[in-house]
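Enquirer: kindly return the folded structure for what I paste below:
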Amino acid sequence: MNAKKIIRSISFELGSEEVLAVLGESGSGKSTLLKLIAGFLDPDKGTLLIEGEPIPSPSEKLIPGHPSIKMVRQDNPLFPNHSLRENIDYELRKYNSEYRKERVNHLLKLTGLQKVADQLPRQSSEGEQQRASIARALADEPALLLLDEPFSNLDYGRKKELKKAIKDIVREEKMACIFVTHDISDVFGTANQLAILKDGKISQLDDPVQIYRHPNSQYEAGLTGEFNIVEAKEANMILKLKSSDLKVLIRPEDIELFSNEGIEAEIGGIVDYGAFRQISLKIENLSLTAFTSEKYLKPSLVKIKINRFTEINR
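Expert: Numbers count the residues shown, from 1 in each chain. The predicted structure is shown next:
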């Protein structure tokens with residue numbers, strides 16, 4: 001594989017106890033970036049450092065990889081005929097039995113696997129198997145943990161458990177973590193930094209909420225949630241931006257629905273998601289999507305107010 005065709009001109013730093021999420025469309029280079037950091041691919045140029053020391057490329061080593069970096073892939077298989085405890089213990093086979101027992105028990109507690117530790121992988125849920133794979137990767141106390149789509153195929157409850165486990169692991173082990181995902185819901189509540197990948201480059205790097213509130217373009221906005229784009233002419237009309245020639249990005253939750261003030265809009269459709277309702281609005285030729293917890297009958301006229309917006313030029 002020629003990685004230079006996929007990843008280009010990327011630079012960032014990550015400290016201990018920090019979690020970086022990498023978000024991007026399929027083919028944007030997320031998994032390739034992890035393999036480069038892990039030392040499984042040769043970079044065309046540039047330097048990768050961990051704790052101030054270069055990460056050797058695979059062409060420089062008999063066995064690719066770095067002892068301080070562990071990577072958990074989606075297809076990381078556990079030994080099928082060994083318990084979760086034994087799978088973790090295997091990674092510590094070079095150490096004495098007392099330390100192995102102490103370390104395995106610590107990792108089982110850290111990943112919440114004490115009650116299922118003696119189950120075989122096939123007797124365990126996908127979430128438990130994923131946590132066991134992570135615990136196994138942590139056995140030798142790496143400085144950096146890399147996770148490739150760790151939340152794939154997990155239901156809401158299992159995903160919530162794993163997100164908490166990752167945060168606990170990073171804090172307790174005083175390590176850094178990078179995970180890649182295509183789903184923004186994996187990022188909030190887990191990562192304190194978010195890198196958006198586009199065509200092999202980082203198009204935006206910041207706190208996840210900051211990117212959500214102030215995306216650089218429609219690309220970042222679309223990856224991080226629902227949004228409305230209003231052309232400059234319509235924006236000037238509804239937001240009174242008389243001198244602006246930029247488009248305006250509005251998140252649906254920033255449109256407030258009123259009964260007696262604001263801009264008049266017609267409700268065209270309602271979709272109930274349980275925790276909130278998605279409302280389709282029409283203002284002359286302009287269509288907007290709003291989120292609300294209020295109940296409105298369709299069709300009806302309401303007054304709306306835009307509480308927050310971001311100007312963008314692309």
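
Enquirer: now do the buried residues in the top helix by length along the chain.
Expert: Determined from DSSP state H, the single longest helix within the chain is helix 156-173. The neighbour-count check on helix 156-173 (16 or more other Cβ atoms under 10 Å) flags 158-159, 161-163, 165-167, 169-170, 173 as buried. For every residue, glycine as well, the C-beta is placed using N, CA and C.

Enquirer: so who does the most far-flung residue of the chain relative to its centre touch?
Expert: The outermost residue of the chain, judged against the average C-alpha position, is N260 (40.2 Å), by Cα atoms, centre = their mean. Taking Cβ atoms under 8 Å, 6 or more residues apart in numbering, we find N260 in contact with K303.

Enquirer: now name the helix or strand holding it.
Expert: Counting by DSSP states H and E, no helix or strand carries N260.

Enquirer: Throw the buried residues of helix 156-173 into JSON lines and include pLDDT and distance to G65, thanks.
Expert: JSON lines is the format used below for the buried residues of helix 156-173 (pLDDT from 0 to 100; distance: Cβ to Cβ, whole Å):
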{"residue": "R158", "pLDDT": "85", "distance to G65": "28"}
{"residue": "K159", "pLDDT": "89", "distance to G65": "28"}
{"residue": "E161", "pLDDT": "88", "distance to G65": "28"}
{"residue": "L162", "pLDDT": "89", "distance to G65": "24"}
{"residue": "K163", "pLDDT": "91", "distance to G65": "26"}
{"residue": "A165", "pLDDT": "90", "distance to G65": "24"}
{"residue": "I166", "pLDDT": "92", "distance to G65": "21"}
{"residue": "K167", "pLDDT": "92", "distance to G65": "25"}
{"residue": "I169", "pLDDT": "91", "distance to G65": "20"}
{"residue": "V170", "pLDDT": "94", "distance to G65": "20"}
{"residue": "E173", "pLDDT": "92", "distance to G65": "19"}
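
Enquirer: which of those residues sits closest to K61?
Expert: E173 (24.8 Å; Cβ to Cβ).

Enquirer: got any ranges where the stretch 51-200 of the chain has weak pLDDT?
Expert: Along the stretch 51-200 of the chain, segments meeting pLDDT under 70 span 76.
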